[in-house]
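*Asks:* What would the 3D arrangement of this be:
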Amino acid sequence: MSGPSGGIGGRRGRGNRRAPMAEINVTPLVDVMLVLLIIFMITAPLLASAVPIDLPESRAKPVETEEQEPVQLSVGADDAIYIGEEVVPEAELPARLDAIARENEGEDRPRQIMLRADKGLDYGRVMRIMGELNRAGLTRIALVTTGANEAPANEATVTDGSETGQ
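*Replies:* Just a heads-up that it's a prediction; the model follows:
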């Protein structure tokens, strides 16, 4: 006795073959995309400072920042003043600093200011800006520098003005 396909005890021929799988497994694709997303989320804050400033060097220890985001105030080699990445004309600087101070009136301590100034700038220029910050009540000023011969140019060390007797 033979079965319907001509063989003894089993089926042979086309009935045993499976059709090729037409579905695409997206799980590995999702895994790769999540890894890329995490990498971009980690590296994006490192690229936040888009204003090119040639910072001076310092051997001071980095200052720990707090929960509240500090204000980035930069002075470029071309004497342009930036709050964040926005250029601020010097005539508007006092009003802008007063507005920043008013935002923080109910807090215990004034808002942290990260002052980044090009190392080729005149010392008096930086001191005038620090005077405007002080006049507005923003007394927590940190000078941003690069580490002396130990940090690459893209890493920055923050020195708190209170450590230098200011």
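*Asks:* tell me the SS of P94?
*Replies:* What DSSP: H, G, I helix; E, B strand; the rest coil gives for P94 is helix.
*Asks:* ok, so what distance separates K61 from N25?
*Replies:* Relative to N25, K61 is positioned 51 Å away (CB to CB, to the nearest Å). Backbone N, C-alpha and C define where each C-beta goes, glycine included.
*Asks:* the more surrounded of the two?
*Replies:* Set side by side, K61 and N25 show more neighbours around K61, with 12 against 8, by other CB atoms under 10 Å.
*Asks:* At the geometric centre of this protein, which residue do we find?
*Replies:* P45 (2.0 Å; CA atoms, centre = their mean).
*Asks:* okay, that residue: pLDDT?
*Replies:* Predicted confidence (pLDDT) for P45: 71.
*Asks:* for E150, same thing?
*Replies:* Listed pLDDT for E150 reads 47.
*Asks:* Helices of the protein, start to end?
*Replies:* Using DSSP state H, the helices of the chain run over residues 27-43, 93-103, 123-135.
*Asks:* would you list these in a markdown table and tack on mean neighbour count and distance to G84?
*Replies:* Compiled in a markdown table, these are given as follows (neighbours: other CB atoms under 10 Å; distance: least, CB to CB, whole Å):
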| stretch | mean neighbour count | distance to G84 |
| --- | --- | --- |
| helix 27-43 | 10 | 19 |
| helix 93-103 | 15 | 11 |
| helix 123-135 | 14 | 15 |
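*Asks:* Redo those as CSV? Include distance to V87.
*Replies:* Shown next, in CSV, are the helices of the chain (distance: least, CB to CB, whole Å):
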stretch, distance to V87
helix 27-43, 26
helix 93-103, 11
helix 123-135, 14
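*Asks:* looking at those helices, which is closest to A77?
*Replies:* helix 123-135 (11.1 Å; CB to CB).
*Asks:* got the angle between that closest one and helix 93-103?
*Replies:* 40 degrees (axes from the mean of the first three to the mean of the last three CA atoms, to 10 degrees).
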